[in-house]
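Colleague: Turn this into a model:
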Amino acid sequence: MALRRLGQVFVDLGFIDEEQLEMLLEEHLQRHGEKIGETAMSMGFINDDQVAVALAEQLGLQVIGLSDLTIPPDVLAHLTEPMAQIYKVIPISFRNEILTVAMCEPQNIMVLDELRNFLGYEIRAVVTTPRDIDNALNRYYASDVESVESLIADMENDKSLKEAAAALESGASIDLASIEALSESAPVRKLLNMVFLLGIKDHASDLHFEPFEDEFKIRIKADGTLYEMVPPPRHLASAITTRIKVMANLDIAERRLPQDGRIRLTVGGHPIDLRVSVLPTLFGESVVCRILDKSVISLDLENVGMDAMLLRDFRKIL
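Modeller: Numbering: from 1, shown residues only. Next comes the predicted model:
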């Protein structure tokens with residue numbers, strides 16, 4: 001069944017009349033790239049609360065206000081600060097392996113798909129206003145931002161991870177099922193998600209995951225400089241490498257030959273390609289991920305910054 005257009009939903013809910021809808025549609029056609037709700041608010045026809053109600057009505061979702069809601073810390077822990085900031089979502093509940101998030105653009109189903117791919121469980125949406133999202137981000141994440149350092153510290157103290165890694169290292173043969181299970185564990189997924197998102201957010205060109213005899217280093221290359229992060233526990237090197245290989249559809253059983261693959265992500269609506277190169281070394285497999293963010297690569301001459309007359313002459317010469 002086709003969805004009603006949002007402008008018609010405004011009329012059906014009594015927020016505007018047919019004459020105002022006609023004016024709204026005419027104005028909206030002149031504003032390329034702007035959402036119709038934004039146009040309606042700028043014209044003073046409706047407010048952001050009414051837009052949220054209309055979106056919920058259009059998509060069959062629930063409207064929720066975040067100002068009077070207290071979100072438990074264990075629910076907030078399912079979403080890192082970079083992920084919440086990039087996607088503009090707030091986790092509000094987690095039950096039966098289903099994470100419910102509040103968002104102000106529920107029509108963007110790509111966000112739900114991306115979160116599902118990153119986190120590994122089902123995502124459901126409820127609708128709120130941009131104002132509530134911004135206030136909740138400041139309230140829940142700005143004061144106690146979870147960093148890579150704090151996450152790694154938690155992983156160092158996680159006895160179950162240590163025991164699982166020790167059991168793998170003690171075996172004479174490689175147990176692929178156990179390694180893959182460890183690579184799919186929440187802390188490993190969370191660490192890699194955070195590293196990937198930080199790299200994309202900082203416009204890094206490469207991510208390096210390098211095993212050494214006594215440590216496992218993660219480095220981010222941005223503007224030609226390698227920045228070293230706090231190293232994760234050495235015993236999780238295989239789990240982290242395997243997780244990357246799983247995401248890149250590489251052979252996790254092959255550890256003696258180089259492999260190349262690709263991870264395709266969509267972050268904030270922008271397609272991201274990660275070219276993955278795996279190389280065996282004396283102390284394990286080394287991984288380099290080249291980040292290709294098409295949204296930060298502009299090949300349009302209009303964006304170079306030339307004077308209009310110079311640009312005209314340049315085009316003539318071309």
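Colleague: Need the residues that contact the longest helix seen in the chain.
Modeller: When the chain is parsed with DSSP state H, its longest helix is helix 186-201. For helix 186-201, the external contacting residues (Cβ atoms under 8 Å, 6 or more residues apart in numbering) are 80, 82-83, 86, 118-120, 148, 151-152, 154-155, 158, 161, 182, 204, 207, 218, 220, 222, 229, 232, 236, 239-240, 243-244, 247, 265, 267, 272, 274, 289, 291, 293. Backbone N, C-alpha and C define where each C-beta goes, glycine included.
Colleague: following it, which helix or strand comes up?
Modeller: Per DSSP states H and E, the first helix or strand lying C-terminal to helix 186-201 is strand 206-211.
Colleague: quick one: strands adjacent to that following strand?
Modeller: strand 216-222 (antiparallel), strand 284-293 (antiparallel) (DSSP bridges).
Colleague: which one of the ones you listed lies closest to residue 14?
Modeller: strand 284-293 (43.7 Å; Cβ to Cβ).
Colleague: buried set for the closest one?
Modeller: Using 16 or more other Cβ atoms under 10 Å as the burial criterion, the residues of strand 284-293 that qualify are 284-289, 291, 293.
Colleague: and if you look at stretch 69-83?
Modeller: Here stretch 69-83 shows 71, 75-76, 78-83 as buried, counting by 16+ other Cβ under 10 Å.
Colleague: Convert the C-alpha atoms of it to CSV, please.
Modeller: Coordinates of each C-alpha in stretch 69-83 appear next as CSV, following Å, rounded to 0.1, in the frame of the first residue of the first chain:
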residue,chain,number,x,y,z
LEU,A,69,12.2,10.0,29.6
THR,A,70,15.0,8.5,31.7
ILE,A,71,17.1,6.1,29.6
PRO,A,72,19.0,3.4,31.6
PRO,A,73,22.8,3.4,31.1
ASP,A,74,22.8,-0.2,29.9
VAL,A,75,20.5,0.8,27.0
LEU,A,76,22.7,3.8,26.1
ALA,A,77,25.7,1.5,26.1
HIS,A,78,24.4,-0.2,23.0
LEU,A,79,25.2,2.9,20.9
THR,A,80,28.5,4.7,21.0
GLU,A,81,28.8,8.5,21.0
PRO,A,82,30.2,8.7,17.4
MET,A,83,27.4,6.4,16.1
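Colleague: pLDDT (mean, whole number) over that stretch?
Modeller: Mean pLDDT, computed over stretch 69-83, is 86.
Colleague: How about residues contacting it?
Modeller: The contact list for stretch 69-83 (Cβ under 8 Å, 6+ apart) reads 89-94, 99, 101, 115, 118-119, 136, 140-141, 145-146, 151, 190, 193-194, 197-198, 201.
Colleague: Could you tell me which of the contacts of helix 186-201 are located in strands?
Modeller: In strands, defined here by DSSP state E, the members of the contacts of helix 186-201 are 207, 218, 220, 222, 265, 267, 272, 274, 289, 291, 293.
Colleague: In which helix or strand does residue 91 reside?
Modeller: For residue 91, the host element (DSSP H and E) is strand 89-95.
Colleague: partners of that strand, with directions?
Modeller: Per DSSP bridges, strand 89-95 is paired in its sheet with strand 98-103 (antiparallel).
Colleague: Give me the distance between the closest residue to residue 6 other than its chain neighbours and residue 107.
Modeller: Counting by Cβ to Cβ, 6 or more residues apart in numbering, residue 36 is the residue found nearest to residue 6 once chain neighbours are left out, at 5.3 Å. Separation of residue 36 from residue 107 (Cβ to Cβ, to the nearest Å): 11 Å.
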